[in-house]
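**Q** Please find the sequence and the predicted model below.
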Amino acid sequence: MTRMSEVERSPEVAVAAPLLAEAVGLVAHTPVRNSGTVGGSLAHADPAAELPAVALASDAELVATGPAGTRRIAAVEFLTGPFSTALAPDEILTEIRLPMWAGGHAFVEFSRIHANFAVVGVAALIDLDGDRIRRAALALTGVAPTAIRATAAENVLAGSDVGDMAATAAEAAGVAVQGLTPAGDLHASPQTRLALARTYLRRGIELAMSRARNER
Ligand SMILES: Cc1cc2nc3c(=O)[nH]c(=O)nc-3n(C[C@H](O)[C@H](O)[C@H](O)COP(=O)(O)OP(=O)(O)OC[C@H]3O[C@@H](n4cnc5c(N)ncnc54)[C@H](O)[C@@H]3O)c2cc1C
């Protein structure tokens with residue numbers, strides 16, 4: 001029942017879940033955010049939507065409520081396909097639990113026209129331990145039937161030195177797109193989607209890293 005515009009303006013969300021705050025501001029334009037809800041966007045599970053990627057990168061737990069009671073579903077299990085979720089027909093999404101993340105965040109995306117659905121989007125979370133990356137979480141929209149985690153790229157980032165951020169981000173972005181086979185449509189060919197994913201991953205990783213460094 002929480003409208004996106006409430007989340008966008010919430011000082012608490014800005015502090016506790018800055019990735020969500022940043023992503024929600026990129027969803028369409030103000031009238032859509034005044035009407036659409038965070039839970040509705042997740043339950044709708046559009047592969048181009050921002051908030052499923054936020055849930056995935058954040059290791060969110062989604063609480064489903066039905067006649068049999070409530071159950072928690074990990075975000076990675078919640079998204080089962082395009083416009084499909086693990087919710088049973090008699091369940092609704094009643095709660096979204098986002099673990100807090102120390103460090104830097106970024107949600108970046110490419111959209112042909114401001115406020116249109118993004119062709120490709122990237123959610124990035126990076127936590128530092130001194131000059132090394134303690135852990136990283138990356139999720140992508142627009143390159144698969146659902147939002148996906150870029151686990152191989154996260155493994156490249158984990159433990160790496162932030163001294164040469166540009167090279168580290170470029171390497172991780174290259175690894176992330178290996179093996180992806182996005183569909184082409186009238187918005188972008190598969191090749192364009194892959195090129196955009198690589199570019200926006202690099203930008204998202206660099207922005208999250210620099211924010212993590214400034215927050216120390
Ligand atoms: C012009 C336009 C541009 C848009 N651009 C974007 C964009 O750039 N990015 C983006 O992410 N989205 C975009 N959207 C989608 C929009 O963000 C809505 O948030 C999204 O469709 C969900 O809206 P809603 O919360 O009103 O849910 P509804 O539209 O009411 O519901 C969507 C579906 O989810 C189900 N549902 C809703 N809430 C729950 C719940 N709590 N539990 C279980 N099922 C539920 C409904 O039954 C329905 O099947 C756009 C929409 C419009 C009209």
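**A** That came in fine, so what should we check first?

**Q** Report the closest residue of the chain relative to the ligand.
**A** G40 (1.9 Å; Cβ to the nearest ligand atom). The C-beta positions use only the backbone N, C-alpha and C, and glycine is treated the same way.

**Q** Now the element after the helix or strand hosting that residue, going C-ward?
**A** Here G40, judged by DSSP states H and E, is contained in helix 38-44. Proceeding N to C from helix 38-44, the next assigned helix or strand is helix 50-57, under DSSP H and E.

**Q** Where do the domain boundaries of the protein fall?
**A** Domain ranges of the chain: 4-97, 104-215, per automatic domain parsing.

**Q** I'd like these as a markdown table, with mean neighbour count and mean pLDDT appended.
**A** Shown next, in a markdown table, are those (neighbours: other Cβ atoms under 10 Å; pLDDT from 0 to 100):
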| stretch | mean neighbour count | mean pLDDT |
| --- | --- | --- |
| domain 4-97 | 18 | 97 |
| domain 104-215 | 19 | 95 |
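
**Q** can you pull out the helices in the protein?
**A** With DSSP state H, the ranges of helices along the chain come out as 4-9, 11-16, 18-24, 30-35, 38-44, 50-57, 75-78, 151-157, 165-177, 190-215.

**Q** looking at these, which is closest to I113?
**A** helix 30-35 (13.9 Å; Cβ to Cβ).

**Q** Give me the residues contacting that closest one.
**A** 3-5, 8, 24-25, 27, 115 (Cβ atoms under 8 Å, 6 or more residues apart in numbering).

**Q** Name all residues that make contact with P82.
**A** P82 sits next to 45-47, 145-146 when contact means Cβ under 8 Å, 6+ apart.

**Q** Next: S5.
**A** Per Cβ under 8 Å, 6+ apart, neighbours of S5: 30, 33-34.

**Q** Which of those residues sits closest to L20?
**A** Using Cβ to Cβ, those come closest to L20 at R33, 12.7 Å.

**Q** what's the distance between the closest one and D185?
**A** 25 Å (Cβ to Cβ, to the nearest Å).

**Q** Flag every residue of the chain that's near the ligand.
**A** Within the chain, the positions adjacent to the ligand are 27-28, 32, 35-37, 39-41, 43-44, 46, 49-51, 87, 92-93, 117 by Cβ under 6 Å from any ligand atom.

**Q** Go again with 8 Å.
**A** 1, 3-4, 26-29, 32-33, 35-44, 46, 48-51, 64, 85, 87, 91-94, 111, 115-118 (Cβ under 8 Å from any ligand atom).

**Q** There's contact between G184 and R193 in this structure, I believe.
**A** Yes: between G184 and R193 there is a contact at 7.5 Å, judged by Cβ atoms under 8 Å.

**Q** thinking again about what came up before, tell me which strands and helices the helix holding G40 is in contact with?
**A** Using 3 or more Cβ pairs under 8 Å, 6 or more residues apart in numbering; DSSP states H and E, the elements in contact with helix 38-44 are helix 4-9, helix 50-57, strand 92-97.
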